[in-house]
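Student: Here is my input, please return the structure:
(one chain, ligands or ions: 3)
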Amino acid sequence: MNKIAVLTSGGDAPGMNTAIRAVVRRGIFKGLDVFGVQNGYKGLMDGDFVSMNLGSVRDIIHRGGTILQSTRCSEFKIAEGQQQALAQLKKEGIGGLIVIGGNGSFEGARKLTVEGFPTIGIPGTIDNDIAGTDYTIGFDTAVNTAVEAIDKIRDTAASHERTYVIEVMGRDAGDIALWAGMCAGAESIIIPEADHDVEDVIDRIKQGYQRGKTHSIIVVAEGAFNGSVGKGIEIGRVIREKTGFDTKVTILGHLQRGGSPSAYDRMMSSQMGAKAVDLLVEGEKGVMVGLKNGKLIHSSFGEAAKDKHTIDLSIYHLARSLSI
Ligand SMILES: Nc1ncnc2c1ncn2[C@@H]1O[C@H](COP(=O)(O)OP(=O)(O)OP(=O)(O)O)[C@@H](O)[C@H]1O
Ligand SMILES: O=P(O)(O)OC[C@H]1O[C@](O)(CO)[C@@H](O)[C@@H]1O
Ligand SMILES: [Mg+2]
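Tutor: Ligands and ions are numbered 1, 2, ... in the order given. As a prediction, this is how the structure comes out:
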């Protein structure tokens, strides 16, 4: 294999650029020609390839977003779309593809490999919702962004004796909410992986105020309501109506997807990017790189998908016991 390509797909995540840099530099180090695919699977179907050199990835290690752009491309989900992409790869003489993205992007990569084309996945999503890995690129930065935002909200909440409902991202997973809620000392954390009851949330707020607390923070994962953004507003309204407490709602939204990647995200992106290239060179295909128990691993897309993403509920219960 002389030529490989790399693309980013799905929601962008801090650290994707660091991973692109690692893929390009490691690929060149291994004597390969490396191409970037613009706009994810859409660009793959259109043959939107850019030849990358050492300078193409200069000065991006610290930048949020993705220099290759990312899309959600429904046309690629159908067999014709995948065949069109395979034809473009063949035309360019590319022998392997590295996909940096989430679970949907990996399903696309898996289908290309079923058709005989070598692909390797690098988990890149702030949601941390990919089965087969304990960590995904961008999660650490997103959690830090959420914690910093909640700390700021806490200042004003305390000054005005307010209750704040803060909605964080996580389409199907409560990882960001759990980590941000724990690290920001939230009174309640509402996640899809645990039962939630607004009466319990209200009781905990009341108990806090009775003990002299001057504010309450409730962190809600958008995934707790089937990925429906804005449900935090409804929870805020119910709390306000049932308690009469001055209750405000903040939806952190896409703020969590941007920003300079944390040192941890940069470290993991660099290692995962390089490992993906090494795996391709060794002849691996249809596998994703992951982190398990602190070690870099790789597993087949199919095998990883069987291992459903789970959350550590002991952290959830600990957070509840620490915020009584
Ligand atoms: N079942 C599928 N078959 C083929 N391609 C798919 C499939 N699911 C998703 N894809 C491709 O991957 C793209 C990204 O998928 P999706 O929108 O689910 O994001 P993701 O990779 O899971 O990332 P994130 O959830 O972090 O935003 C889709 O737009 C589509 O092009
Ligand atoms: O960029 P979009 O299409 O609004 O996607 C938002 C979704 O993407 C994510 O940021 C990452 O999957 C989710 O947390 C969120 O639900
Ligand atoms: Mg996803």
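Student: and Leu32, what does it touch?
Tutor: Residues in contact with Leu32 (CB atoms under 8 Å, 6 or more residues apart in numbering) are 1-4, 277, 281. From N, CA and C alone the C-beta is placed, and that goes for glycine too.
Student: Just name the closest of these to Gln88, please.
Tutor: Of all the contacts of Leu32, Gln88 sits closest to Lys3, with 12.6 Å by CB to CB.
Student: could you list every residue that touches that closest one?
Tutor: 32-35, 92-95.
Student: Kindly recompute the last result at 7 Å.
Tutor: By CB atoms under 7 Å, 6 or more residues apart in numbering, the contact list for Lys3 reads 32-33, 35, 93-95.
Student: where's the spatially most distant residue from the centre of the chain relative to ligand 1, distance?
Tutor: Most distant residue from the mean C-alpha position of the chain: Gln210, 38.1 Å away (CA atoms, centre = their mean). Separation of Gln210 from ligand 1 (CB to the nearest ligand atom, to the nearest Å): 41 Å.
Student: Measure how buried the closest residue to His254 other than its chain neighbours is and give me the count.
Tutor: Spatial nearest neighbour of His254, excluding adjacent residues (CB to CB, 6 or more residues apart in numbering): Met169 at 7.9 Å. As a burial measure, Met169 scores 27 neighbours (other CB atoms under 10 Å).
Student: Show only the entries of the contacts of Leu32 found in strands.
Tutor: Per DSSP state E, strands hold the following members of the contacts of Leu32: 3-4.
Student: Filter the contacts of Leu32 down to the buried ones.
Tutor: Buried members of the contacts of Leu32, scored by 16 or more other CB atoms under 10 Å, are 3-4, 277, 281.
Student: sorry, back to before: tell me the one of the contacts of Leu32 nearest Leu44?
Tutor: Using CB to CB, these come closest to Leu44 at Ile4, 13.1 Å.
Student: For ligand 2, see how far away the residue nearest to the closest one when sequence neighbours are not counted is.
Tutor: The spatial neighbour of Ile4 that comes closest, neighbours along the chain excluded (CB to CB, 6+ apart), is Gly96 at 4.5 Å. When distance is defined by CB to the nearest ligand atom, Gly96 is 25 Å away from ligand 2.
Student: got it, and Ile126?
Tutor: Ile126 is 6 Å from ligand 2, by CB to the nearest ligand atom.
Student: hang on, the earlier thing: could the contacts of Leu32 go into TSV alongside pLDDT and distance to ligand 2?
Tutor: TSV is the format used below for these (pLDDT from 0 to 100; distance: CB to the nearest ligand atom, whole Å):
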residue	pLDDT	distance to ligand 2
Met1	86	31
Asn2	95	34
Lys3	98	30
Ile4	98	26
Val277	98	25
Val281	97	30
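Student: Next, format the contacts of Leu32 as CSV and append distance to Phe117.
Tutor: Output for those, formatted as CSV (distance: CB to CB, whole Å):
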residue, distance to Phe117
Met1, 11
Asn2, 15
Lys3, 13
Ile4, 11
Val277, 16
Val281, 16
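Student: Which member of the contacts of Leu32 is positioned nearest ligand 1?
Tutor: Ile4 (19.2 Å; CB to the nearest ligand atom).
Student: Run through the bridge partners of that closest one.
Tutor: With DSSP bridges as the criterion, Ile4 is bridged to Val34, Gly96.
Student: correct me, but it touches Arg26?
Tutor: No - using CB atoms under 7 Å, Ile4 is not in contact with Arg26, being 10.1 Å away.
Student: and Gly121, helix, strand or coil?
Tutor: strand (DSSP: H, G, I helix; E, B strand; the rest coil).
Student: who's it bridged to?
Tutor: Val99, Met288.
Student: Contact partners for it?
Tutor: Gly121 neighbours (CB under 7 Å, 6+ apart): 99, 106, 109, 288-289, 301.
Student: Likewise for Thr71?
Tutor: 39-40, 42.
Student: Met52 now?
Tutor: 24, 34-36.
Student: Contact residues of the stretch 101-250 of the chain facing ligand 3?
Tutor: Residues of the stretch 101-250 of the chain lying near ligand 3 by CB under 5 Å from the ion: 102-104.
Student: With respect to Lys248, which of those residues is nearest?
Tutor: Gly102 (31.1 Å).
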